[in-house]
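Enquirer: the amino acid sequence is not available; the structure is as follows:
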């Protein structure tokens, strides 16, 4: 049974990492779409709104690329702020779809981060204990 878990761990690790990357960039794209649809005409406010919404996420781009475990732990905490924001936006009848999209993406990102971090921890513990 332990042998089967060792074979599945890299597969789960790879799949969860792909979910992290996909949901991370999907959240950034969602904020860009929200910023573009906030005004009838494009103005300087659109990139400013996008930057303000995305700034906490943009700081973790290098951590995701390099798979830095400690920074990914911090990202999982930051994602909870986006979850709370998504809940607030989902209660606004005008922006309900955007709120549910943000909720779904933040839940996916959070769960993928937890799965990745847990499997990475198990893999590192197995490599240190096995000869």
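Expert: Yep, that arrived. A quick note: this is a predicted structure, and the numbers were derived from the prediction, not measured. Numbers count the residues shown, from 1 in each chain.

Enquirer: got a list of what the residue nearest the centre of the chain touches?
Expert: Geometric centre of the chain, nearest residue: residue 109, 3.4 Å, by CA atoms, centre = their mean. Counting by CB atoms under 8 Å, 6 or more residues apart in numbering, residue 109 makes contact with 19-20, 23-24, 27, 79. (Each C-beta comes from the backbone N, C-alpha and C, glycine too.)

Enquirer: narrow these to those in helices?
Expert: Using DSSP state H, 19-20, 23-24, 27, 79 are the members of those that sit in helices.

Enquirer: quick one: buried residues of the helix or strand of the chain with the lowest mean pLDDT?
Expert: Between all helices and strands in the chain, the lowest mean by mean pLDDT, DSSP states H and E belongs to helix 2-37, at a mean of 86. Neighbour counts over helix 2-37 (16 or more other CB atoms under 10 Å) mark 9, 12-13, 16-17, 19-20, 23-24, 26-28, 30-32, 34-35 as buried.

Enquirer: and the gap between the residue nearest to the centre of the chain and residue 51?
Expert: Residue 109 is 20 Å from residue 51, where distance means CB to CB, to the nearest Å.

Enquirer: same question for residue 92.
Expert: Computed as CB to CB, the residue 92 to residue 51 distance reads 22 Å.

Enquirer: next: residue 81.
Expert: Residue 81 is 16 Å from residue 51, where distance means CB to CB.

Enquirer: do residue 123 as well
Expert: When distance is defined by CB to CB, residue 123 is 36 Å away from residue 51.
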